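1. Could you work out the structure for the sequence below:
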Amino acid sequence: MFMRALPGRASRVTSDVSPAAVTRTSAHLDQRRRILRAIGELVAKRGYADVTVELIVKRARVSYKTFYKHFSGKEECFKELFDSAFDTTEKAIRGRLAEEGGNWTDEVVLALSTWIDRIVAEPLVARAVIVEAPTVGPGMLDRYERATKAFAPLFRQGRELSARGAELPATIEDTLSGSVFWSAYQRLIVGEAERLPELLPELIELVLRTYLGQAEAARIARQPLAVA
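-> Purely as a prediction, here's the structure:
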């Protein structure tokens with residue numbers, strides 16, 4: 001998170017510090033960032049079908065020419081937003097696991113809490129990619145299905161801790177991952193992203209009880225969560 005400057009801070013900054021030079025590459029990246037931000041916010045508020053390239057360029061403050069330098073059209077632009085949102089979230093989760101991860105249960109808790117933190121930090125983008133993406137069309141469905149199963153590989157490691165791991169249905173991890181995804185969907189569709197942290201203990205217990213049993217899952221879910 002960025003900190004707001006304190007009152008009077010600007011007057012204390014030395015005048016010989018030059019602003020970073022704007023290069024063609026940095027300008028290009030800034031344009032792309034603004035376009036992606038614009039389509040995310042517009043789709044979240046209006047729905048994908050009611051968003052036009054005209055609305056995107058106005059909100060992003062770019063020209064049509066600039067938009068079409070980056071994307072062939074609205075659908076390609078949205079697909080990039082979707083891919084970018086999930087790629088950055090995956091990197092955030094992997095980074096936190098690398099820094100703080102311990103045993104498997106710790107990693108499940110960290111992964112779920114980091115995912116929720118990202119949604120709460122960017123609720124409009126999250127609504128666009130989690131709620132509105134299925135309305136885009138067939139080209140998005142494969143991406144969306146993969147996203148709903150993103151936690152499955154991590155959850156699957158819990159089989160090694162379960163006395164009945166080999167007996168669990170082959171699709172149980174996909175089902176659990178989808179359930180986590182659906183919980184976020186339900187909050188986002190009614191505009192309650194800020195309430196997702198309240199669901200975190202419930203989600204942790206949902207996943208862990210499949211492998212560790214109800215009592216142990218409930219015990220772990222009740223433990224205070226470390227602040228990221």
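2. after the helix or strand harbouring V207 comes which helix or strand?
-> Assigned by DSSP states H and E, V207 belongs to helix 196-212. Next helix or strand after helix 196-212 toward the C-terminus (DSSP H and E): helix 214-222.
3. which of the residues in that following helix are buried?
-> Neighbour-count burial for helix 214-222, counted by 16 or more other Cβ atoms under 10 Å, picks out A217, I220, A221. Glycine gets a C-beta too; all of them are placed from N, C-alpha and C.
4. likewise stretch 123-140?
-> Buried residues in stretch 123-140, counted by 16+ other Cβ under 10 Å: 123-133, 136, 140.
5. Can you give me the neighbour number for R159?
-> 16 (other Cβ atoms under 10 Å).
6. so what's it up against?
-> G165, A166, L168, Y211 (Cβ atoms under 8 Å, 6 or more residues apart in numbering).
7. That one and P153: what is the separation?
-> Distance, R159 to P153, by Cβ to Cβ, to the nearest Å: 11 Å.
8. And for S113?
-> Plainly put, S113 is 18 Å away from P153 if you go by Cβ to Cβ.
9. Quick check: what element follows the lowest-mean-pLDDT helix or strand in the chain along the chain?
-> Across the helices and strands of the chain, mean confidence by mean pLDDT, DSSP states H and E is lowest for helix 9-12: a mean of 34. Counting by DSSP H and E, the element after helix 9-12 in chain order, helix or strand, is helix 24-46.
10. What residues sit buried inside that next one?
-> 31-32, 34-44.
11. May I have that helix exported as PDB, CA atoms only?
-> Extracted as PDB, the C-alpha positions of helix 24-46 are listed here (Å, rounded to 0.1, in the frame of the first residue of the first chain):
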ATOM      1  CA  ARG A  24       8.400   5.500 -24.700                       C
ATOM      2  CA  THR A  25       8.400   2.300 -22.800                       C
ATOM      3  CA  SER A  26       7.100   3.800 -19.600                       C
ATOM      4  CA  ALA A  27       4.400   5.700 -21.500                       C
ATOM      5  CA  HIS A  28       3.400   2.600 -23.300                       C
ATOM      6  CA  LEU A  29       3.100   0.700 -20.000                       C
ATOM      7  CA  ASP A  30       1.100   3.500 -18.400                       C
ATOM      8  CA  GLN A  31      -1.300   3.600 -21.200                       C
ATOM      9  CA  ARG A  32      -1.900  -0.100 -21.000                       C
ATOM     10  CA  ARG A  33      -2.300   0.000 -17.300                       C
ATOM     11  CA  ARG A  34      -4.900   2.800 -17.600                       C
ATOM     12  CA  ILE A  35      -6.800   0.900 -20.300                       C
ATOM     13  CA  LEU A  36      -6.900  -2.300 -18.200                       C
ATOM     14  CA  ARG A  37      -8.000  -0.400 -15.100                       C
ATOM     15  CA  ALA A  38     -10.700   1.300 -17.100                       C
ATOM     16  CA  ILE A  39     -12.200  -1.800 -18.500                       C
ATOM     17  CA  GLY A  40     -12.100  -3.500 -15.100                       C
ATOM     18  CA  GLU A  41     -14.000  -0.600 -13.400                       C
ATOM     19  CA  LEU A  42     -16.500  -0.300 -16.200                       C
ATOM     20  CA  VAL A  43     -17.300  -4.000 -16.500                       C
ATOM     21  CA  ALA A  44     -17.700  -4.200 -12.700                       C
ATOM     22  CA  LYS A  45     -20.200  -1.300 -12.700                       C
ATOM     23  CA  ARG A  46     -22.000  -1.800 -16.000                       C
END
